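[1] my questions are about this predicted structure, shown below with the sequence.
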Amino acid sequence: DAGVIQSPRHEVTEMGQEVTLRCKPISGHDYLFWYRQTMMRGLELLIYFNNNVPIDDSGMPEDRFSAKMPNASFSTLKIQPSEPRDSAVYFCASSTTGFSNQPQHFGDGTRLSIL
Amino acid sequence: QKEVEQDPGPLSVPEGAIVSLNCTYSNSAFQYFMWYRQYSRKGPELLMYTYSSGNKEDGRFTAQVDKSSKYISLFIRDSQPSDSATYLCAMRTNGGSNYKLTFGKGTLLTMNP
């Protein structure tokens, strides 16, 4: 079975540019999560969706960050304008509802470098 | 004080040894406790899941939760080269549909041959 698919795997861009990260969750999963991982702060939840609706975006660092989920099979995380401190690995994860112990399945991440 | 504290390591152990990893936390509302394993340049994958206090065993892995001390542990028996990875603890409250996980920063574990 295909897991969570993220693209691109690597992104290098200059400060001020718009960055769009993409995620395809596992088919049938109705929760989708966006995380950011850095050495300093570890793995932090940015936002999560249930049935394509944003539930909690309290982790989104500032207005430069936005996330959308137009349908059950696709989500984007956008940074505009990007800054060097946004450099990190961004992970997308998905899970199913019903039982609270359903694990979150992670993609392999997008390694973002802002110069 | 951070909600979840985890020693970043690195922790270097000989193959075949018993490994002990742990996390402490401050939020007494946490009810669900997880351990994730993350290989280099990969996403985290769930290893163990425990609800409330107690022990859970799965093969070479044992997870322990002590809610009175706000302390969780992961033990790995007969450690193998494939166990070299970063181990992250994660936890969440029992808040209905709240699936928000809080992670520790992770402990890097390496095996000595």
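    Yes, it's here. Residues are numbered from 1 along each chain as shown, chains lettered A, B, ... in the order given.
[2] all strands of chain A, in order?
    A:5-7, A:10-13, A:19-24, A:31-38, A:42-50, A:53-56, A:65-71, A:74-79, A:88-95, A:105-106, A:110-114 (DSSP state E).
[3] packing partners of the longest one?
    Taking 3 or more CB pairs under 8 Å, 6 or more residues apart in numbering or on different chains; DSSP states H and E as contact, the helices and strands that strand A:42-50 lies on are strand A:31-38, strand A:53-56, strand A:65-71, strand A:74-79, strand B:102-103. All C-beta atoms are positioned from the backbone trio N, CA, C, and that covers glycine.
[4] with the third one instead?
    Based on contacts counted as 3+ CB pairs under 8 Å, 6+ apart, the elements that strand A:19-24 packs against are strand A:5-7, strand A:10-13, strand A:74-79, strand A:88-95, strand A:110-114.
[5] buried residues, the third one. List them.
    In this case it means strand A:74-79. A:Ser75, A:Leu77, A:Ile79 (16 or more other CB atoms under 10 Å in any protein chain shown).
[6] I would like the residues contacting that strand, please.
    Strand A:74-79 has contacts (CB atoms under 8 Å, 6 or more residues apart in numbering or on different chains) with A:18-25, A:32, A:34, A:46-47, A:49, A:64-69, A:86, A:90, A:92.
[7] and what of the shortest one?
    Counting by CB under 8 Å, 6+ apart, strand A:5-7 makes contact with A:Leu21, A:Arg22, A:Cys23, A:Lys24, A:Tyr90, A:Phe91, A:Cys92, A:Gly107, A:Asp108, A:Gly109, A:Thr110, all of which sit outside it.
[8] now it: buried residues?
    Quick answer for strand A:5-7 (16+ other CB under 10 Å): A:Gln6.
[9] quick one, what contacts the residue in chain B positioned nearest to chain A?
    Here the residue of chain B nearest chain A is B:Gly43; by CB to the nearest CB that distance is 3.1 Å. By CB under 8 Å, 6+ apart, the contact set of B:Gly43 is A:Val4, A:Phe91, A:Ala93, A:Phe106, A:Gly107, A:Asp108, A:Gly109.
[10] do the same with B:Phe75
    Counted by CB under 8 Å, 6+ apart, B:Phe75 has contacts B:Ile18, B:Val19, B:Ser20, B:Leu21, B:Phe61, B:Thr62, B:Ala63, B:Gln64.
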